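> heads up, no residue letters with this:
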């Protein structure tokens with residue numbers, strides 16, 4: 001999934017500005033995602049990518065770059 005699509009999902013789910021979404025941005029620290037927003041983000045990414053993200057993997061998705069890497073490795 002391309003970065004722009006992931007960025008749009010993050011902006012819509014978390015409610016941050018698109019300019020804040022960079023590969024090194026921390027979901028919690030930089031973008032302000034709380035636990036509920038993180039769950040909603042994972043669900044939105046799963047739906048958009050047509051995959052299921054294991055709970056064990058969710059804990060490792062701390063930055064936008066982590067999400068991009070995960071999605072690239074787990075293409076549906």
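Here it is on my side, so go on. Here the structure is a predicted model, which means the values were calculated and not measured.
> how far out from the middle of the chain is stretch 11-30?
9 Å (Cα atoms, centre = their mean, to the nearest Å).
> excluding chain neighbours, give the residue nearest to residue 37 in space.
Counting by Cβ to Cβ, 6 or more residues apart in numbering, residue 14 is the residue found nearest to residue 37 once chain neighbours are left out, at 5.0 Å. Heads up, the C-betas are built off the backbone N, CA and C, glycines and all.
> return the helix or strand in the protein with minimum mean pLDDT.
Ranking every helix and strand in the chain by mean pLDDT, DSSP states H and E puts helix 55-58 at the bottom, with a mean of 93.
> give the buried residues for the helix or strand just after it.
For helix 55-58, the succeeding helix or strand toward the C-terminus, using DSSP states H and E, is helix 64-73. Neighbour-count burial for helix 64-73 flags 64, 67-68, 70-71 (criterion: 16 or more other Cβ atoms under 10 Å).
> for the residue nearest to residue 37, give me its contacts.
By Cβ atoms under 8 Å, 6 or more residues apart in numbering, the contact set of residue 14 is 27, 31-33, 37, 41.
> now the residues you listed as JSON lines including secondary structure?
As requested, those are arranged in JSON lines below (DSSP: H, G, I helix; E, B strand; the rest coil):
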{"residue": "27", "secondary structure": "coil"}
{"residue": "31", "secondary structure": "coil"}
{"residue": "32", "secondary structure": "coil"}
{"residue": "33", "secondary structure": "coil"}
{"residue": "37", "secondary structure": "helix"}
{"residue": "41", "secondary structure": "helix"}
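> return a ChimeraX selection command for the buried portion of these.
Those of those that count as buried under 16+ other Cβ under 10 Å are selected in ChimeraX with:
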select :27,31,33,37,41
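> give me the spatial nearest neighbour of the most centrally placed residue in the chain, chain neighbours excluded.
The centroid of the chain falls nearest to residue 67 when counting by Cα atoms, centre = their mean (5.1 Å). Excluding its sequence neighbours, the residue lying closest to residue 67 (Cβ to Cβ, 6+ apart) is residue 61, at 5.3 Å.
> appreciated, that's everything.
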